[in-house]
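[1] Here's my sequence, what's the structure:
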Amino acid sequence: MIRASLLLLGLLVACAKSKPVPIAPLPPDQPAEPVAEAPKPTPPDAQPAEPTPPPAPKGPLEVKLPAAKTTVKLVSTGTGKRAPLRYAPKQGGKQRVELALDWAQTQSEAGKKPMPIVMPTILLSGEAETTAVADGVATNVLTIVTTDARDVAGAAVPADKFKTLLTSLGGMVITASVGQAGNTGDTALRIDKPNEFTGDALQIVALTLPAFPALPSEPVGVGAKWQATSSIMFAGKFPLTQQTDYEVTARKGASWTIKGTTKVIGLDQDVGDGTKITGIKGAGSSETTLVDGVLYPTTRGTIETEFTAVDAEAKLTIAQKVGATITSK
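    Have a look, this model is predicted:
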């Protein structure tokens, strides 16, 4: 059957310690073993067993996010005095940063009530440092010091339960390289001392971590417009394209305000085990304040991606929405 949830739902279930939300699984990596005997029914007065957490992994855990392939086409250079837009942090520069990450998904099947899943907002605060600058490429390292969660209407679990699991992200190190035009290399998320919930928590951050806007190489002024086209793997499962139209809406000294509008497109495709993905579409928006010399620009944005997954047993439409805000503290 189709796996509708591209997020590891076990984390939410473990938080709530309640009956898991029913959801169709992706094709397993290996065929399931045959069941020798059907399970016996639970007596009405019996209490359901609490979920058994997975064993804690040994040694560090790391998730790597491959760099997106992005091209930039300048549409208009804008008006007034023109200057190059650049990410230009200096080696040794530091910045206090907070990330606010949101994730929600709705699964719909013909003739059935849509099934929404909403996660509380994840709050991660830490210290960022540019550890190296070479040939215009800066290596930024963000070390997470504190974790928290904020209630969201309709969330599957309350924030006070969710935040106890997010403590596993304390000490997480996010390492990324970024060129002057915003072209990034691979990003690594690493935790040296994980617990049984760290793997799921890392996957959530990987799904919601925002990307920097891609910038034109030509000098621009206020009103400049360009289009960035990125090819990505959606949740590591199938390829799609994000086209973002950017515009410089304001400039004050070394500070630039850039707004973006994103369109998601993709071809119908087979993803294996008889499952086909069709109807890929979506939209998003963002606003970024880029300041010369700053490691992490102030950013807020959301993007929703929708597609239909079809196999011999079901036809499900999935709409996933992620949001992220980066602020300096």
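
[2] Isn't K263 up against I303?
    No: with contacts counted by Cβ atoms under 8 Å, K263 stays clear of I303, the gap being 9.9 Å. The C-beta positions use only the backbone N, C-alpha and C, and glycine is treated the same way.

[3] More neighbours: which of these two?
    I303 (21 against 16; other Cβ atoms under 10 Å).

[4] shared neighbours of K263 and I303, which are they?
    Common neighbours of K263 and I303 are listed as 242, 282-283 (criterion: Cβ atoms under 8 Å, 6 or more residues apart in numbering).

[5] quick one: which of these is most hemmed in?
    Q242 (23 neighbours).

[6] Look up how far D245 lies from A283.
    Distance from A283 to D245, counting by Cβ to Cβ, to the nearest Å: 11 Å.

[7] ok, A83 to V294 distance?
    Applying Cβ to Cβ, the value for A83 to V294 is 16 Å.

[8] Looking at these two, which is more packed in?
    V294 (18 against 13).

[9] tell me the phi and psi of the more buried one?
    Main-chain torsions, V294, degrees, to the nearest 10: phi -80, psi 140.

[10] Could you do P213 as well?
    With angles defined as degrees, to the nearest 10, P213 sits at phi -60, psi 140.

[11] so it sits right up against K259, yeah?
    No: with contact defined as Cβ under 8 Å, P213 does not reach K259; the gap is 9.5 Å.

[12] Now do the SS call for G199.
    helix (DSSP: H, G, I helix; E, B strand; the rest coil).

[13] Now name the helix or strand holding T139.
    strand 137-150 (DSSP states H and E).

[14] helices or strands up against the helix or strand following that strand?
    Counting by DSSP H and E, the next helix or strand C-terminal to strand 137-150 is helix 159-166. The contact analysis (3 or more Cβ pairs under 8 Å, 6 or more residues apart in numbering; DSSP states H and E) places helix 159-166 against helix 10-16, strand 137-150.

[15] Name the spans of the stretch 1-150 of the chain whose pLDDT lies under the cut-off.
    Confidence mapping of the stretch 1-150 of the chain against pLDDT under 70 gives the ranges 1-57.

[16] This completes my enquiry, with thanks.
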